[in-house]
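Chemist: no sequence on this one, just coordinates:
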């Protein structure tokens with residue numbers, strides 16, 4: 001399966017307890033839904049069955065197949081977990097998987113290319129598009145006011161950024 005067929009649905013934040021459970025961050029709209037997309041794979045191609053054991057602060061406690069000690073769980077800290085796209089639900093017209101936005105061209109409303117999407121970030125107050133301009137990085141709120149058009153088929157995003165966002169004036 002190629003990288004385009006996989007979507008990052010979570011990450012391991014370290015161990016939880018001493019019996020091999022992991023602290024799991026879910027990137028799913030319904031956090032516990034991550035387990036229904038299992039088995040999940042990491043970037044090295046290892047597969048894990050996932051069993052959520054409980055909700056904890058800032059995530060979930062889970063058991064992963066093949067992980068039976070605190071040391072093994074700690075060794076996986078920072079590991080991103082992926083699910084095949086065909087196991088994920090279809091999205092509404094105004095919803096997007098972050099993976100689909102990466103690399104898309106970012107244009108202003110006049111059609112001038114401003115850069116490309118490097119990452120989609122969320123620090124708690126909503127999604128931000130990290131746009132690589134070739135001369136640096138600009139963060140844009142991923143809101144309808146700033147991002148009126150996302151053209152998945154055309155691999156482009158049209159933005160209406162606040163004045164001065166992409167210039168030094």
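Modeler: Okay, I see it. Predicted model only: the values in this text are computed from it and were never measured. Numbers count the residues shown, from 1 in each chain.
Chemist: quick one: end-to-end distance for stretch 133-148.
Modeler: One end of stretch 133-148 to the other measures 19 Å (CA to CA, to the nearest Å).
Chemist: now do the same end-to-end measure for stretch 24-35.
Modeler: Here stretch 24-35 reaches across 11 Å from its first residue to its last, counting by CA to CA.
Chemist: which strands and helices sit next to the helix or strand of the chain with the lowest mean pLDDT?
Modeler: Lowest by mean pLDDT, DSSP states H and E among the helices and strands of the chain is helix 98-101, with a mean of 85. Helix 98-101 sits against strand 6-16, strand 113-122, with contacts defined as 3 or more CB pairs under 8 Å, 6 or more residues apart in numbering; DSSP states H and E. Glycine gets a C-beta too; all of them are placed from N, C-alpha and C.
Chemist: could you identify the helix or strand that succeeds that helix?
Modeler: Towards the C-terminus, the helix or strand next in line after helix 98-101, according to DSSP states H and E, is strand 105-108.
Chemist: distance of residue 60 relative to residue 48?
Modeler: 14 Å (CB to CB, to the nearest Å).
Chemist: who touches the biggest helix by length in the chain?
Modeler: When secondary structure is assigned using DSSP state H, the longest helix within the chain turns out to be helix 70-75. For helix 70-75, contacts defined as CB atoms under 8 Å, 6 or more residues apart in numbering pick out 12, 14-22, 64, 66-67.
Chemist: got it, and stretch 137-151?
Modeler: Applying CB under 8 Å, 6+ apart, the external contacts of stretch 137-151 come out as 96, 101, 104, 109, 114-115, 118, 120-121, 126-131, 156-162, 165-166.
Chemist: does residue 33 sit in a helix, a strand or a coil?
Modeler: Look at residue 33: counting by DSSP: H, G, I helix; E, B strand; the rest coil, its state is helix.
Chemist: let me redo that: residue 143
Modeler: Of the three states, residue 143 takes coil according to three-state DSSP.
Chemist: could you measure it against residue 73, distance?
Modeler: Counting by CB to CB, the gap from residue 143 to residue 73 is 37 Å.
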